[in-house]
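S.K.: only geometry, no sequence info:
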Ligand SMILES: Nc1ncnc2c1ncn2[C@@H]1O[C@H](COP(=O)(O)OP(=O)(O)OP(=O)(O)O)[C@@H](O)[C@H]1O
Ligand SMILES: [Mg+2]
């Protein structure tokens with residue numbers, strides 16, 4: 001099982017602007033891959049496409065044998081909810097829900113909120129948010145909101161974790177805590193991790209770095 005991208009291209013707008021060109025890659029289950037490259041090189045766009053949240057203009061993406069472009073929407077939503085965790089540059093926390101409720105959102109979608117509750121609390125504890133689980137997102141700092149979003153992505157112990165600069169707004173101590181928990185998920189649960197990062201130290205700890213230059217793998 002793997003994530004396989006074949007000849008992916010992406011162009012946006014009129015007239016079309018080319019963002020990705022001829023991307024071919026295979027990421028095996030259990031790998032920890034860093035996506036690197038300069039600002040504007042196409043990292044986030046590629047991550048969205050690999051994670052089924054955006055479609056390529058050309059080419060195909062297969063995840064665990066499923067061609068994402070050929071899956072019916074309900075099947076795709078189910079696959080996403082069960083198997084994928086996401087951490088994106090904007091956190092998309094629900095402002096009316098408390099910290100613990102936000103973290104448990106993927107579990108609620110899978111009707112497993114009771115079973116996942118203790119793990120959600122332990123993640124928040126490890127992220128230093130143990131005493132803030134009943135706060136609303138606006139009552140948390142930017143870095144705390146980011147850790148909340150990461151706990152939410154991990155709560156289902158997903159098969160695949162897609163993360164865009166997960167340590168972007170964290171100080172180095174909290175960045176290290178987050179990276180250790182992501183590494184643990186990779187080691188202990190076999191979660192395949194695909195992570196955009198600007199941090200050379202974090203990129204160096206991945207099994208492999210995929211570097212983008214102007215929308216191509218270099
Ligand atoms: N919806 C859009 N319409 C037009 N251009 C876009 C759109 N989204 C992204 N782009 C352009 O595509 C290129 C790649 O964007 P992308 O967000 O993938 O870069 P990135 O490598 O993630 O950069 P950063 O490190 O700054 O997050 C950029 O030049 C960006 O301006
Ligand atoms: Mg980006």
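M.R.: Nice, thanks for sending it over. Being a predicted model, the structure only gives us computed values, none of them experimental. Ligands and ions are numbered 1, 2, ... in the order given.
S.K.: so the residue nearest to the spatial centre of the chain: helix, strand or coil?
M.R.: The centre of the chain sits closest to residue 162, judged by C-alpha atoms, centre = their mean, with a distance of 2.2 Å. Of the three states, residue 162 takes strand under DSSP: H, G, I helix; E, B strand; the rest coil.
S.K.: what's the neighbour count on residue 15?
M.R.: 5 (other C-beta atoms under 10 Å). (Each C-beta comes from the backbone N, C-alpha and C, glycine too.)
S.K.: so it, which state does it fall into?
M.R.: Applying three-state DSSP: residue 15 is coil.
S.K.: now it: phi and psi?
M.R.: The phi/psi pair for residue 15 (degrees, to the nearest 10) reads phi -70, psi 150.
S.K.: now do the same contact list for it.
M.R.: Going by C-beta atoms under 8 Å, 6 or more residues apart in numbering, residue 15 touches no other residue.
S.K.: buried ones in the helix or strand bottoming out on mean pLDDT in the chain, by neighbour count?
M.R.: Ranking every helix and strand in the chain by mean pLDDT, DSSP states H and E puts helix 200-205 at the bottom, with a mean of 86. If you call a residue buried by 16 or more other C-beta atoms under 10 Å, then helix 200-205 has these buried ones: 202-203.
S.K.: any idea how far it is from the chain center?
M.R.: Centre-to-centre, helix 200-205 and its host chain are 17 Å apart (C-alpha atoms, centre = their mean, to the nearest Å).
S.K.: and it with ligand 1, contact?
M.R.: No: using C-beta under 6 Å from any ligand atom, helix 200-205 never reaches ligand 1; the gap is at least 13.0 Å.
S.K.: packing partners of that helix?
M.R.: strand 32-37, helix 172-189 (3 or more C-beta pairs under 8 Å, 6 or more residues apart in numbering; DSSP states H and E).
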